[in-house]
Structure formats: structure tokens, C-alpha cells
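> give me coordinates for this.
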Amino acid sequence: MEKKQYQLGDVVQMKKPHPCGTNEMEIIRMGMDIRIKCVGCKHSVLVPRSKFESKLKKVLRSAAPTEDSAATEQGEA
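Below you'll find the model as predicted:
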């Protein structure tokens with residue numbers, strides 16, 4: 001199984017919805033723990049990285065392209 005790639009600022013879809021009804025979260029802090037903010041009600045939660053990775057369904061919107069993909073789009077790589 002391939003490990004999902006995510007970064008700071010990404011909007012991700014979780015397996016279970018937040019009590020407000022939406023299951024979209026924005027990553028606002030990364031480290032050993034990851035802080036995610038609900039897109040619907042703006043509530044933030046600090047979750048251990050291992051628990052976050054098991055509850056993550058998919059990345060919906062990426063914050064910014066990675067440096068590698070930006071370079072290949074410009075033909076520099």
C-alpha cells in the first residue's frame with residue numbers, strides 16, 4: 001500500500017466526519033503531531049501523526065505544487 005503524500009496547507013478528507021458534518025480538514029501544523037482545522041466550523045484538533053495517517057482517506061486539494069513538479073512544468077529538470 002502506497003503511503004499518502006501530504007504537506008502543510010493541504011485540505012484532506014478524513015474517513016469519519018467531524019461532528020459539524022464535514023469530513024474536510026486543513027493541515028495547519030506538522031511535526032510529531034499534526035494539527036488539523038475543520039473546513040466547516042474552523043475547530044482545530046491536535047492528532048498524533050500515526051493516528052492521522054490511519055484516519056486519512058485522501059488529499060483533496062494541495063496547498064502548493066512541490067518543487068520537483070514545479071521544475072518539470074517549467075522544463076528545468
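
> list the contacts of residue 15.
23, 55, 56, 57 (Cβ atoms under 8 Å, 6 or more residues apart in numbering). Every residue, glycine included, has its C-beta placed from N, CA and C.

> nearest residue to the last one other than its sequence neighbours?
What it means is residue 57. Nearest residue to residue 57 in three dimensions, chain neighbours excluded: residue 13, at 4.6 Å (Cβ to Cβ, 6 or more residues apart in numbering).

> and that neighbour, bridged to which residues?
residue 24, residue 58 (DSSP bridges).

> next up, the contacts around it.
By Cβ under 8 Å, 6+ apart, the neighbours of residue 13 are 23, 24, 25, 56, 57, 58, 59, 60.

> pretty sure residue 24 contacts residue 10?
No - contact criterion Cβ atoms under 8 Å: residue 24 and residue 10 do not qualify, at 10.6 Å.

> gap between residue 35 and residue 28?
Residue 35 sits 5 Å away from residue 28, going by Cβ to Cβ, to the nearest Å.

> what do those two both touch?
With Cβ under 8 Å, 6+ apart, residue 35 and residue 28 have common neighbours residue 44.

> of these two, which one has the most company?
Taking neighbours as other Cβ atoms under 10 Å, residue 35 and residue 28 compare with residue 35 leading, 17 against 13.
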